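Asks: heads up, no residue letters with this:
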């Protein structure tokens, strides 16, 4: 049984991994990750974040992710892109660009953390964690708020998290 100090609720596990709570519950029911149900609530040990099922979900497409055409259609629909897409690779803070009112200095579409979490199955906390870990790229605007480029939606590691 997991020790109390290292156990997480499904919501906490979801926020730390960036995987939807419903997916975490399904993995628990299917026995792909281990947890203990107490008083109707799942408790999951933190070590389960390294489980094969979790790593399979988080691994980049091309090794079992979404179909390549699906992301392009979804990203174009959500961004309302007209013309060629935004190059991949993220918005670089080193480039010295400032994001204002939904576009970066180079004219690329940007999203706030709240907007980006609405386009994906990530929570706002999950988006911030992904930024901290380098799985997403963004810059801070003049108010200090994170802005994420639309190219993050085309990131192979994000395909399975698009709504």
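Replies: Arrived safely, thanks for sending. Note that the coordinates shown come from a computational prediction; the quantities given were computed from them, not determined experimentally. Numbering: from 1, shown residues only.

Asks: where in the protein is pLDDT low?
Replies: Applying pLDDT under 70 to the chain flags the ranges 1-5, 60-107.

Asks: Quick one: the helices in the chain, in order.
Replies: 10-17, 21-29, 52-58, 68-79, 113-119, 124-133 (DSSP state H).

Asks: any chance of those in TSV, with distance to residue 35 too?
Replies: From N, CA and C alone the C-beta is placed, and that goes for glycine too. Output for the helices of the chain, formatted as TSV (distance: least, CB to CB, whole Å):
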stretch	distance to residue 35
helix 10-17	8
helix 21-29	5
helix 52-58	12
helix 68-79	31
helix 113-119	25
helix 124-133	19
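
Asks: among those, which is nearest residue 154?
Replies: The stretch from the helices of the chain with the least distance to residue 154 (CB to CB) is helix 68-79; that distance is 5.5 Å.

Asks: tell me how far the ends of stretch 115-123 are from each other?
Replies: Its start and end residues considered, stretch 115-123 measures 10 Å (CA to CA, to the nearest Å).

Asks: Likewise for stretch 138-157?
Replies: 15 Å.

Asks: cool, and stretch 46-59?
Replies: 19 Å.

Asks: what's stretch 32-40 in contact with?
Replies: Here stretch 32-40 makes contact (CB atoms under 8 Å, 6 or more residues apart in numbering) with 1-2, 7, 24, 27-28, 42-45, 48, 51-54.

Asks: Residue 145 is nearest to which of the helices of the chain?
Replies: Counting by CB to CB, residue 145 lies closest to helix 113-119 out of the helices of the chain; the figure is 7.5 Å.

Asks: Could you name the helices and strands sitting against that closest one?
Replies: helix 124-133, strand 146-149 (3 or more CB pairs under 8 Å, 6 or more residues apart in numbering; DSSP states H and E).

Asks: repeat that for 6 Å
Replies: Under the contact definition 3 or more CB pairs under 6 Å, 6 or more residues apart in numbering; DSSP states H and E, helix 113-119 sits against helix 124-133.

Asks: neighbouring contacts of the helix it packs on?
Replies: Contact with helix 124-133 is made by 15, 18, 113, 114, 116, 117, 136, 138, as judged by CB atoms under 6 Å, 6 or more residues apart in numbering.

Asks: what about 7 Å?
Replies: 15, 16, 18, 113, 114, 116, 117, 122, 136, 138, 146 (CB atoms under 7 Å, 6 or more residues apart in numbering).

Asks: what's the neighbour count on the fourth one?
Replies: It stands for residue 113. 21 (other CB atoms under 10 Å).
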